[in-house]
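>>> Sequence first, then the predicted structure:
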Amino acid sequence: MKLTADARFLGERARFSLRLHCEDCALFDVERATCAHGYPTAEHRQPTEPLEAAVVFCKDFEMA
Ligand code: SF4
């Protein structure tokens, strides 16, 4: 699911410490930088830029 990262979303993300990236997911293999279930990670990785135009939620995300 892709959402626009508008001011409301970014505010709620900070307020609730929302985690949504592969780096926060129990299925992320840190050493190989891959998904243990074999899903593509490109859209779900922690962005390097502080501001995101959009966020893409992974349906298989498991909180680490
Ligand atoms: S399940 Fe989704 S969020 Fe978790 S590591 Fe795989 S691609 Fe990333």
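Nice, I can see it.

>>> So what touches the helix or strand encompassing residue 9?
Element membership of residue 9 [criterion: DSSP states H and E] is helix 7-15. With contacts defined as C-beta atoms under 8 Å, 6 or more residues apart in numbering, helix 7-15 is touched by 3, 18, 55. Heads up, the C-betas are built off the backbone N, CA and C, glycines and all.

>>> Show me just the buried residues among these.
Neighbour counting over these (16 or more other C-beta atoms under 10 Å) leaves residue 55 as the buried ones.

>>> Just to be sure, which of the contacts of helix 7-15 are found in strands?
Among the contacts of helix 7-15, DSSP state E puts 3, 55 in strands.

>>> buried residues in stretch 33-50?
Neighbour count says stretch 33-50 has 35, 39, 41, 44 buried, by 16+ other C-beta under 10 Å.

>>> Let me have these in a markdown table, extended by pLDDT and secondary structure.
Converted to a markdown table, those look like this (pLDDT from 0 to 100; DSSP: H, G, I helix; E, B strand; the rest coil):
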| residue | pLDDT | secondary structure |
| --- | --- | --- |
| 35 | 98 | strand |
| 39 | 97 | coil |
| 41 | 96 | coil |
| 44 | 93 | coil |
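
>>> Now the most centrally placed residue in the chain: closest residue in space that isn't a chain neighbour?
With distances taken as C-alpha atoms, centre = their mean, the residue of the chain nearest its centroid is residue 21 (2.0 Å). Nearest non-adjacent residue to residue 21, counting by C-beta to C-beta, 6 or more residues apart in numbering: residue 46, 4.3 Å away.

>>> and the one you found, helix, strand or coil?
coil (DSSP: H, G, I helix; E, B strand; the rest coil).

>>> Would you mind measuring from it to the ligand?
With distances taken as C-beta to the nearest ligand atom, to the nearest Å, residue 46 is found 10 Å from the ligand.
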